[in-house]
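Got a sequence here, can you model it:
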Amino acid sequence: MQINNTLSRWQLVGLVFAQDAVAASQTNVQLYCQQVHGAIPLDNTAYCMPFAGEIVGISWALTAAGTTGTFTIGPTIAGTECTDPTITVGTSTEGSDTCPRGTNVFAKNARIGAEITTGATWDGTSQDLVVTVWVLLKIESI
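Okay, here's the model as predicted:
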């Protein structure tokens, strides 16, 4: 039997972001790559990509649903929110959105993040949020 040392050119990678106790009335707040219980985050809000690639999706989950109000979630490239995919969260506890290939292309060393904007009437303020930004990385020259 022959074993080949090969790697697919495109690799799907999930980048995880979080916020503890999602507060109301936040505008374009960058989510942290890691956040421990309580308001004690590590200050990193993005991952540096070692290869060029593109954002192809976003998924999220809350510990429990809010009963009123909404908020939006979107991936970012260099701190600027992408227009697709984006998600509006209401009274659900999870969801996802994808976009066509070629919509959110980024270069090597791009900083990929996620941000949220919560409405004043969002009442799920004791709920914890986890967001995964799905990227395809184009693996070359290794």
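
Helices of the protein, start to end?
Assigned helices in the chain: none (criterion: DSSP state H).

any weak-confidence spans in it?
Applying pLDDT under 70 to the chain flags the ranges 1-7, 35-41, 141-142.

Nearest the middle, which residue of this protein would you pick?
By C-alpha atoms, centre = their mean, the mean C-alpha position of the chain lies nearest to residue 133, the distance being 3.5 Å.

Return the set of residues that bridge with that one.
residue 15, residue 58 (DSSP bridges).

if I pick it, what's in contact with it?
14, 15, 17, 55, 57, 58, 75, 112, 113, 114 (C-beta atoms under 8 Å, 6 or more residues apart in numbering). For the C-beta atoms, the positions are set from N, CA and C on the backbone; glycine is no exception.

how close does the first one sit to residue 103?
Residue 14 sits at a distance of 18 Å from residue 103 (criterion: C-beta to C-beta, to the nearest Å).
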